[in-house]
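> what's the 3D shape of this:
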Amino acid sequence: MHWRPKAAAPARTRELPPSAQQSHAGDRWQVTTVAAQLRSRDQIERELCRAAGRDVQGTPLATGQAADALLLLSGGHPVRRVPGLARLLPSSLDSLRMAARLRGEGVLPAEVSLWAVENPLVNQPSRLVHKIEAGAQVVITQPPLLWGRFDQWIQEVHRQGLHKHTRLVIGMPIISSTGNLDFWLRLCNARGQPGAADLLQHFGSKEAEGRVQFWAFCRQWNRRLVEQVCEMPGVAGLHIMPLTKTARQITLEFLQEDVLPTNQ
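Numbering: from 1, shown residues only. Predicted coordinates:
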């Protein structure tokens, strides 16, 4: 059975604006992150309007660059991790619903695109359903570092037809060391997931073989991961996140070798 959006919210099922559908070589889209953190709903609404270049009445602001897209997050404030407290604070879902309502009311520009983040390494596809229903037109995933878990998630996404109702952009760090891998696994709250310890041990053993050998291993491992993602149907794009000098060098080489897809 394929999931279908709820009929009660036409703004969530409309055709995506051009900024969410495609971009052309040389274009630069302004994507502004709005994190709920400890903000109240009124504060989030004001921040959404400000990021989109409007005041709370929908009047264009005289200064500042208006966003083409709003990336809506819950945020990583330590207070949000206090047991039970997060339920009392607005979440990314709440922010999506606010932004969709404000856009429907004409306060936010009709062409502004609403983006969200999802974590296939720890969450079920049901969370993606909620974000699509809340208005997410583009969803950036956390990295597919644990391939079995990610593959299981995206296969279920395809089975339910969720990829037809949003654009899935896969987050791709270029892993450059065992420590870098550990950083990303912890960032994704996936350090304790099945397969994480084995993957770290595998990277550690390869790193112990020497710098030249490990460089070749990292190139091959990252290349294969990119190829696996690009082979998946329904993937709208990649979000490359090379955080280290080595990762940036590998990224440049991949661009030169046409490993990474680019807009034509």
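> how many other residues sit next to Tyr125?
Just so we're on the same page, residue 125 is Pro rather than Tyr. 20 (other C-beta atoms under 10 Å). No exception for glycine: its C-beta is placed from N, CA and C like everyone else's.
> give the contact list for it.
By C-beta atoms under 8 Å, 6 or more residues apart in numbering, the contact set of Pro125 is 153, 156-157, 160, 162.
> adding secondary structure and distance to Met232, write the residues you listed out as CSV.
Below are those laid out as CSV (DSSP: H, G, I helix; E, B strand; the rest coil; distance: C-beta to C-beta, whole Å):
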residue, secondary structure, distance to Met232
Trp153, helix, 11
Glu156, helix, 13
Val157, helix, 10
Gln160, helix, 15
Leu162, helix, 13
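> what subset of those is buried?
153, 157, 160, 162 (16 or more other C-beta atoms under 10 Å).
> can you put those residues in a markdown table and add pLDDT and distance to Leu185?
Output for the buried ones among the contacts of Pro125, formatted as a markdown table (pLDDT from 0 to 100; distance: C-beta to C-beta, whole Å):
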| residue | pLDDT | distance to Leu185 |
| --- | --- | --- |
| Trp153 | 96 | 16 |
| Val157 | 95 | 22 |
| Gln160 | 94 | 27 |
| Leu162 | 95 | 25 |
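> of all the residues you listed, which comes closest to Ser113?
Leu162 (17.7 Å; C-beta to C-beta).
> report the contact partners of that closest one.
Here Leu162 is in contact with 3, 125, 128-129, 132 (criterion: C-beta under 8 Å, 6+ apart).
> in strands, which of those appear?
Members of these lying in strands (criterion: DSSP state E): none.
> distance to Pro120 for the buried ones among the contacts of Pro125 - can I get that in a markdown table?
Shown next, in a markdown table, are the buried ones among the contacts of Pro125 (distance: C-beta to C-beta, whole Å):
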| residue | distance to Pro120 |
| --- | --- |
| Trp153 | 4 |
| Val157 | 8 |
| Gln160 | 14 |
| Leu162 | 12 |
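> show me what the lengthiest helix in the chain packs onto, helices and strands only.
The longest helix of the chain (DSSP state H) is helix 211-230. The helices and strands touching helix 211-230, judged by 3 or more C-beta pairs under 8 Å, 6 or more residues apart in numbering; DSSP states H and E, are strand 167-172, helix 196-207, strand 235-240, helix 245-256.
> among these, show me which one is buried the most.
strand 167-172 (a mean of 21; mean count of other C-beta atoms under 10 Å).
> which elements pack onto that strand?
Using 3+ C-beta pairs under 8 Å, 6+ apart, strand 167-172 sits against strand 138-141, helix 211-230, strand 235-240.
> strand partners of the first one, parallel vs antiparallel please.
To tie it back to what came earlier, the one meant is strand 138-141. Sheet pairing of strand 138-141 (DSSP bridges) gives strand 113-118 (parallel), strand 167-172 (parallel).
> between strand 235-240 and the last one, find me the angle.
Orientation of strand 167-172 against strand 235-240 (axes from the mean of the first three to the mean of the last three C-alpha atoms, to 10 degrees) gives an angle of 30 degrees.
> same deal with the first one?
Orientation of strand 113-118 against strand 235-240 (the same axes, to 10 degrees) gives an angle of 70 degrees.
> other residues contacting strand 113-118?
Residues contacting strand 113-118 (C-beta under 8 Å, 6+ apart): 16-17, 19-20, 31, 68-73, 92, 96, 99-100, 103, 127-128, 131, 134-142.
> in helices only, show me those.
Checked against DSSP H, the contacts of strand 113-118 include these in helices: 19-20, 92, 96, 99-100, 103, 127-128, 131, 134.
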